[in-house]
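Trainee: Here's a sequence, model it:
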Amino acid sequence: MTAIEPGDKAALDQEFGARAEGINPYYIRYTVENVDGTDFSFTSAPSLRATTAERRSTGVVVSGDLGDCEGESAPAEFNTPGATYDTCRLQGGQEGADVAGAMYDEDDYDESPIVWTP
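Mentor: This next block holds a predicted model:
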């Protein structure tokens, strides 16, 4: 993870209408690296979720792209060791939530998530 930053609340309200009430958007920016050269061409980026300072879920589900936070898939040439690309994931937090990091808790990491803080 390279950053987690507040997103554009007005854009969230415009995109989601009443469903965005009481929710603040956050942008998780991160770089994905192909460590071993496996062919991951055109695959989706790992799904990171926003967390609170206590390393808990924000309890809010938001999906899609917003403003300058667009989720990118791996490029065609993402098949060599050391290849990287940058992406962004839109997340939400309830108003007043202390959003402080991001976590990955899928597959083998559901019991013991990886948590990043800036």
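
Trainee: Any chance of the backbone angles for the most centrally placed residue in the chain?
Mentor: Among the residues of the chain, the one closest to the centroid is Arg89, at 3.2 Å (CA atoms, centre = their mean). Note on Arg89: its backbone torsions stand at phi -130, psi 130 [degrees, to the nearest 10].

Trainee: Same question for the one 5 residues further on.
Mentor: According to degrees, to the nearest 10, the main-chain angles of Gln94 amount to phi -70, psi 150.

Trainee: dump the residue contacts of it.
Mentor: 22-24, 58-60 (CB atoms under 8 Å, 6 or more residues apart in numbering). For glycine as for every other residue, the C-beta is placed from the backbone atoms N, C-alpha and C.

Trainee: got a pLDDT number for it?
Mentor: We have a pLDDT of 93 for Gln94.

Trainee: is it in a bridge, and if so with what?
Mentor: Taking DSSP bridges, one finds Ile23 as the beta-bridge partners of Gln94.

Trainee: Return the mean pLDDT over stretch 23-35, rounded to an integer.
Mentor: Mean predicted confidence for stretch 23-35 is 96.

Trainee: list the buried ones in it?
Mentor: For stretch 23-35, burial by neighbour count (16 or more other CB atoms under 10 Å) applies to 23-30, 32, 34.

Trainee: For the residue nearest to the centre of the chain, which non-adjacent residue is closest in space?
Mentor: The shortest distance from Arg89 to any residue other than its chain neighbours is 4.5 Å, reached at Ile28 (CB to CB, 6 or more residues apart in numbering).

Trainee: in this protein, which spans are strands?
Mentor: Per DSSP state E, the chain carries strands over the ranges 3-6, 23-33, 49-52, 84-94, 99-104, 114-116.
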